[in-house]
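**Student:** just the structure for this:
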Amino acid sequence: MSAFRINWQAACALVAVLVALAKLPLLPGVSAGAPVAVFALILAAIAASALQPLSARRALSAIMLFVGSHGAAAILIAMLPGSEGQAGWSFFALMTACWLMAWRLVTVLSGDGARGSGSGPLGRLVVPALFGLWILLWWEAITRGAGVPFVLLPPPSAIGARIAASLPILAADFNQTVLKAVLFGFVVGSGAGFLVAILADRNRFLSNGLLPIGNLVSALPVIGIAPIMVIWFGFDWQSKAAVVIVMTFFPMLVNTLAGLKAAGSMERDLMRTYATGHWATLLKLRLPAAMPFIFNALKINSTLALIGAIVSEFFGTPVVGMGFRISTEVGRMNLDMVWAEIAVAALAGSLFYGALALAERVVTFWHPSYR
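**Tutor:** Numbers count the residues shown, from 1 in each chain. This is a model prediction of the structure:
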């Protein structure tokens, strides 16, 4: 049996290499050594991608694919400074070949489609990291290679340089928006929604009265309530926290009420057979069954809180905060600073969401979705 097997990624990458060879040079004013290294790395990755994915060969194939695809992409992007807007078909054909080899790398790391093979640490961490890395690589290649104007979309390298040069400003904005407004509003809004849901579950009148109001408040746009909260609570972080409380209260209320009804009738009958009271049934049966719903509300609120705090800062704030910085720097056409704030907000939101997802996995380990 042959040790090699053709796959569509390798075939398409080989076609892209042939297209690039027919459209040389890659970039004007680039020495001949860099294109030769790019072609060599891509061809080595293509050869590695054709290896049969046996256990002994998979590691070698993955290493060669990683080095070939990412090494060639790094050389291509390093050729761009000084040649912005001059990249032609050959450059983007080779970037496409590198991307196809990275796609093949993800397939190899995932077990080449074998059932359950992508559920390990490689499948959960490395594969998403490679996906995000290639979004940045294509972003850099397109913005610099095609000469996209800086005011429309700055390249990731410029955004990273701005982050490194503006760490004190970004830290102050992060402290004002996330550590003060978002965390306080998230904890108070979600906690109040949970407690009111417990009371509403006990009192039918309260439940019937709050749910229609919840639907009404959930439909209110944040740009409508933010100016009102600024008038009520002032220009500092307290008014932004009030917006976050309003935005996070009712998702937690609605989801908790739905989760408290998730316990099966057989389990409830068993608790009644043991003459268990309301609060004991709530703590030992209904709340554990409602945990997937509660964590779903927490994850929804983690994004709503960040969005609400940033948007509400557009309507009055001290000279600090993510929303203030975004609105101010857009007016000055400092788009790299705007994207730096967006990157910090996205990173903070992702870490917050990930922490909640990890806590959910620990608390609801019994749920069928984790078995």
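
**Student:** now the strands for the stretch 51-200 of the chain?
**Tutor:** Using DSSP state E, counting those that start in this stretch, no strands are assigned anywhere in the stretch 51-200 of the chain.

**Student:** tell me which residues touch the closest residue to Gly145 other than its chain neighbours, please.
**Tutor:** Excluding the flanking residues, the one nearest Gly145 by C-beta to C-beta, 6 or more residues apart in numbering is Ala87, at 3.2 Å. For the C-beta atoms, the positions are set from N, CA and C on the backbone; glycine is no exception. Contacts for Ala87 (C-beta atoms under 8 Å, 6 or more residues apart in numbering) come out as Leu26, Leu27, Leu80, Ala141, Arg144, Gly145, Ala146.

**Student:** give me that answer again for 10 Å
**Tutor:** Shown in contact with Ala87 (C-beta atoms under 10 Å, 6 or more residues apart in numbering): 26-28, 76, 79-80, 94-95, 141-142, 144-147.

**Student:** how about TSV for those, with distance to Thr177 added?
**Tutor:** Listed next are those as TSV, based on distance: C-beta to C-beta, whole Å:
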residue	distance to Thr177
Leu26	43
Leu27	41
Pro28	45
Leu76	37
Met79	39
Leu80	34
Leu94	42
Met95	36
Ala141	32
Ile142	30
Arg144	31
Gly145	35
Ala146	34
Gly147	34
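
**Student:** which ones among the residues you listed map onto helices?
**Tutor:** Using DSSP state H, Leu76, Leu94, Met95, Ala141, Ile142, Arg144, Gly145 are the members of the contacts of Ala87 that sit in helices.

**Student:** which among those gets closest to Pro318?
**Tutor:** Distance ranking of the ones in helices among the contacts of Ala87 against Pro318, using C-beta to C-beta, places Arg144 first at 36.8 Å.

**Student:** need the pLDDT of the closest one.
**Tutor:** Turning to Arg144, the model gives it a pLDDT of 89.

**Student:** what is the neighbour count of the closest residue to it other than its chain neighbours?
**Tutor:** Leaving aside its chain neighbours, Arg144 sits nearest to Leu80 (4.3 Å; criterion: C-beta to C-beta, 6+ apart). A count of nearby residues for Leu80, using other C-beta atoms under 10 Å, gives 21.

**Student:** hmm, Leu80 is touching Gln86, no?
**Tutor:** Yes - under the criterion of C-beta atoms under 10 Å, Leu80 makes contact with Gln86 at 8.8 Å.

**Student:** helices and strands of this protein: which one bottoms out on pLDDT?
**Tutor:** Ranked by mean pLDDT, DSSP states H and E, the weakest helix or strand in the chain is helix 121, scoring a mean of 60.

**Student:** domain parsing for this protein?
**Tutor:** Taking automatic domain parsing as the domain assignment, the ranges for the chain are 8-148, 164-370.

**Student:** tell me where the longest helix sits in this structure.
**Tutor:** Ordering each helix of the chain by length in residues (DSSP H) puts helix 335-363 first.

**Student:** so which bits of that one are buried?
**Tutor:** Judged by neighbour count using 16 or more other C-beta atoms under 10 Å, the buried positions of helix 335-363 are 335-341, 343-345, 348-349, 352-353, 356, 360.

**Student:** other SSEs contacting that helix?
**Tutor:** helix 156-165, helix 167-174, helix 287-312, helix 322-331 (3 or more C-beta pairs under 10 Å, 6 or more residues apart in numbering; DSSP states H and E).

**Student:** which non-adjacent residue is nearest Phe352?
**Tutor:** In space, and not counting its chain neighbours, Phe352 is closest to Ser302: 4.8 Å by C-beta to C-beta, 6+ apart.

**Student:** how about the helices of the stretch 51-200 of the chain, start to end?
**Tutor:** Along the stretch 51-200 of the chain, the segments classed as helices by DSSP state H, counting those that start in this stretch run 55-78, 89-109, 121, 127-145, 156-165, 167-174, 183-202.

**Student:** who are the packing partners of the fifth one?
**Tutor:** I take that to be helix 156-165. Helix 156-165 makes packing contacts with helix 127-145, helix 167-174, helix 335-363 when contacts are defined by 3+ C-beta pairs under 10 Å, 6+ apart.

**Student:** one more time with 6 Å
**Tutor:** helix 127-145, helix 335-363 (3 or more C-beta pairs under 6 Å, 6 or more residues apart in numbering; DSSP states H and E).

**Student:** buried ones in the shortest one, by neighbour count?
**Tutor:** Right, helix 127-145. Neighbour-count burial for helix 127-145 flags Val127, Leu130, Trp134, Leu137, Trp138, Trp139, Glu140, Ala141, Ile142, Thr143, Arg144, Gly145 (criterion: 16+ other C-beta under 10 Å).

**Student:** could the residues you listed be laid out in JSON lines, adding distance to Ala40?
**Tutor:** Below are the buried residues of helix 127-145 laid out as JSON lines (distance: C-beta to C-beta, whole Å):
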{"residue": "Val127", "distance to Ala40": "26"}
{"residue": "Leu130", "distance to Ala40": "22"}
{"residue": "Trp134", "distance to Ala40": "21"}
{"residue": "Leu137", "distance to Ala40": "19"}
{"residue": "Trp138", "distance to Ala40": "22"}
{"residue": "Trp139", "distance to Ala40": "26"}
{"residue": "Glu140", "distance to Ala40": "22"}
{"residue": "Ala141", "distance to Ala40": "20"}
{"residue": "Ile142", "distance to Ala40": "24"}
{"residue": "Thr143", "distance to Ala40": "27"}
{"residue": "Arg144", "distance to Ala40": "23"}
{"residue": "Gly145", "distance to Ala40": "21"}
